[in-house]
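Engineer: Build me a structure from this.
(chains A, B, C and D)
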2 protein chains.
Amino acid sequence: MSVREKRRAAALDRIADHMLAHGLADSSLRALAQTAGTSDRMLLYYFAGKDDILVSALGTIATRLGAILHTALGGPCSADPEKVLADMAGIIRGAAVRPYMRLWLEVTILSSRGEEPYRSVAGQIADSFVALVASRLAIDNETIRQATASRVIATLDGLVVLDLVGREHTATLALGVKGG
Amino acid sequence: MSVREKRRAAALDRIADHMLAHGLADSSLRALAQTAGTSDRMLLYYFAGKDDILVSALGTIATRLGAILHTALGGPCSADPEKVLADMAGIIRGAAVRPYMRLWLEVTILSSRGEEPYRSVAGQIADSFVALVASRLAIDNETIRQATASRVIATLDGLVVLDLVGREHTATLALGVKGG
DNA sequence: AAATTCCTGTAGCAGCCGCTACAAAAATCG
DNA sequence: CGATTTTTGTAGCGGCTGCTACAGGAATTT
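Structural biologist: Alright, predicted model coming up:
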């Protein structure tokens, strides 16, 4: 790894921190440069442009989240969707993961406006979420497994939304029942 | 209603159109003024500031959505959460309502940053959603009714997220199963 | 040592943003 | 009609955005 690549990676690490802490909206080049300990001028020397920075940092962030989830999901698989939902909700709604989910929703908004490269990025993240849940479901029928994983992800995303608007109580309530 | 109030209301109507079509991010004072047929100068004459404009327009938008939902939800109530979920998903995922949900998610992001007045607004909207679903549920036990409504809303919000990232197929799949 | 390439600071561009000072027009009132 | 108040246009402020031209220093190569 060249010096340039090392510095690029180090900058990305700090930039990822900043994005998780402050969100996309507060991630101007100058702000990112400050937390990375450089100047906006240098950021644009290491990266092709702001989009390149953000997308690269989102990659770093996705890797981090993958590691967190992999560590936290140590238990056995289950055939019961409610069980998997409860397990994942416990992790995803925790303070450690919430910044990731907030960022994920911000990318969702950008994606919904059709803006590349965020549209592709958001789609891939959604797919990987579904795949992760599917890997936790001990269901033989593949079609049903995929559909169930989709359902669990939908509910999880909804719980995150409720948390973000300060309705943690409503989200917790939702976890206590089975239907709908 | 004075002339001033009439013009204010007319401007709000056009502004609501613009916000639904282009989202919060593309709603600068100058852009809103253009669609309203005035100048940014006049907008700030009618309103206290940008926040006042946006929050007032969100009120108009909430009223519109309420009317849409009230009209579309003509059928009988049901004790089956899956039935209510499917009914509401059919409405909320439709092209007519999607702009409202996208806006709702944008407000959610603002809310999650703790910015008033969006934090309060988002919370109230979430509560009214839950109340609406609860009113469609023919469940006697009030505690279970509230919890079930919360669960349905969570799932609905999640479906919206999946739709916004271009995973309509995943969302539709999720509606086909019961668990999780 | 000279020449070339790589790195980085300074300064600034053009374009937005929310908002406002000022003054002129228009409507209202005595 | 004149005086006062309400409404509006013009112009611009200070600040932020992503990005870039230029130049000088540092490192590397010949």
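Engineer: tell me which residues in the helix or strand where A:Q124 lies are buried?
Structural biologist: A:Q124 is part of helix A:118-136, with elements assigned from DSSP states H and E. By neighbour count on 16 or more other CB atoms under 10 Å in any protein chain shown, the buried set for helix A:118-136 is A:118-119, A:121-123, A:125-126, A:129-130, A:132-134, A:136. Yep, even glycine has a C-beta here, placed from its N, CA and C like the rest.
Engineer: Name all residues that make contact with A:M101.
Structural biologist: A:92, A:160, A:163-164 (CB atoms under 8 Å, 6 or more residues apart in numbering or on different chains).
Engineer: picking that back up, what does the helix holding A:Q124 contact?
Structural biologist: Counting by CB under 8 Å, 6+ apart, residues outside helix A:118-136 touching it are A:55, A:58, A:62, A:66, A:69, A:73, A:77-78, A:84, A:87-88, A:104, A:107-108, A:110-111, A:145-146, A:148-150, A:152-153, A:156, B:161-162, B:165-167, B:170.
Engineer: near chain B at all, the next helix or strand after that helix?
Structural biologist: Following helix A:118-136 in sequence order, the next helix or strand is helix A:142-164 (DSSP H and E). Yes. Helix A:142-164 lies within reach of chain B by CB under 8 Å from any CB of the partner chain, at A:144, A:146-148, A:150-159, A:161-162, A:164.
Engineer: got the residues of chain A near DNA strand D?
Structural biologist: A:27-31, A:40-41, A:44, A:49-51 (CB under 7 Å from any atom of the strand).
Engineer: And for A:A154, nearest residue in space, chain neighbours not counted?
Structural biologist: B:G158 (3.3 Å; CB to CB, 6 or more residues apart in numbering or on different chains).
Engineer: My read is that the one you found contacts A:T155, right?
Structural biologist: Yes. Counting by CB atoms under 8 Å, B:G158 does reach A:T155; the two are 5.5 Å apart.
Engineer: who's in contact with the residue nearest to A:A154?
Structural biologist: With CB under 8 Å, 6+ apart, B:G158 has these contacts: A:153-159, A:161, B:174.
Engineer: The closest residue to DNA strand D within chain A: neighbour count?
Structural biologist: DNA strand D sits closest to A:S28 of chain A, with a gap of 2.8 Å, by CB to the nearest atom of the strand. Neighbourhood size, A:S28 [other CB atoms under 10 Å in any protein chain shown]: 11.
Engineer: Same list, the contacts of B:G158, but as a markdown table with pLDDT and distance to DNA strand C please.
Structural biologist: A markdown table is the format used below for the contacts of B:G158 (pLDDT from 0 to 100; distance: CB to the nearest atom of the strand, whole Å):
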| residue | pLDDT | distance to DNA strand C |
| --- | --- | --- |
| A:I153 | 98 | 34 |
| A:A154 | 98 | 33 |
| A:T155 | 98 | 35 |
| A:L156 | 98 | 33 |
| A:D157 | 98 | 29 |
| A:G158 | 98 | 30 |
| A:L159 | 98 | 32 |
| A:V161 | 98 | 25 |
| B:A174 | 98 | 37 |
